[in-house]
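> turn this into a structure:
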Amino acid sequence: MKKHFMICVDNHGFKASLEIRKIYEVINDRSAEKHHQIRVIDESGEDYLYPEECFAPVRLPSATKEKLELIMS
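Here you go, the predicted structure:
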C-alpha cells in the first residue's frame with residue numbers, strides 16, 4: 001500500500017509531538033476520520049490521533065514520495 005503524507009500546519013497543544021512545516025506519514029483510520037482526527041506517526045515514532053485541522057494535504061513529486069516511502073519503511 002502506498003504511504004500518504006501530510007504537513008503539520010498547527011501544533012498548538014502538541015508542541016512536543018508535532019513540528020510545524022514537517023511532513024508526517026499518515027495511517028488510514030476510518031474510525032478516526034469520523035471524529036475529524038487523523039492518525040500520524042509523530043516525533044515519538046509511534047502513531048497517534050490528532051485533530052485534522054493540525055494538518056494540510058501536501059502534493060509531492062513522485063520521485064520524492066518514493067524516497068520518503070523507502071526512508072519511512
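
> quick one: the most far-flung residue of the chain relative to its centre from residue 20, how far?
Farthest-out residue of the chain from its mean C-alpha position, per Cα atoms, centre = their mean: residue 63, at 18.7 Å. Using Cβ to Cβ, to the nearest Å, residue 63 is found at 25 Å from residue 20. C-betas here are computed from N, CA, C, even on glycine.

> show me what contacts residue 26?
3-6, 38-40, 55 (Cβ atoms under 8 Å, 6 or more residues apart in numbering).

> buried ones only from those residues, please, as a PyMOL command.
Of the contacts of residue 26, the buried ones can be selected in PyMOL as follows, counting by 16 or more other Cβ atoms under 10 Å:
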select buried, resi 3+5+6+38+39+40+55
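
> wait, a helix at the residue farthest from the centre of the chain?
Yes - the assignment for residue 63 by DSSP: H, G, I helix; E, B strand; the rest coil puts it in a helix.

> for it, give me its contacts.
With Cβ under 8 Å, 6+ apart, residue 63 has no contacts at all.

> mind listing what's buried along the helix or strand of the chain with the lowest mean pLDDT?
Least confident helix or strand, the chain: helix 62-71 with a mean of 79, by mean pLDDT, DSSP states H and E. Residues of helix 62-71 classed as buried: residue 65 (neighbour count, 16+ other Cβ under 10 Å).
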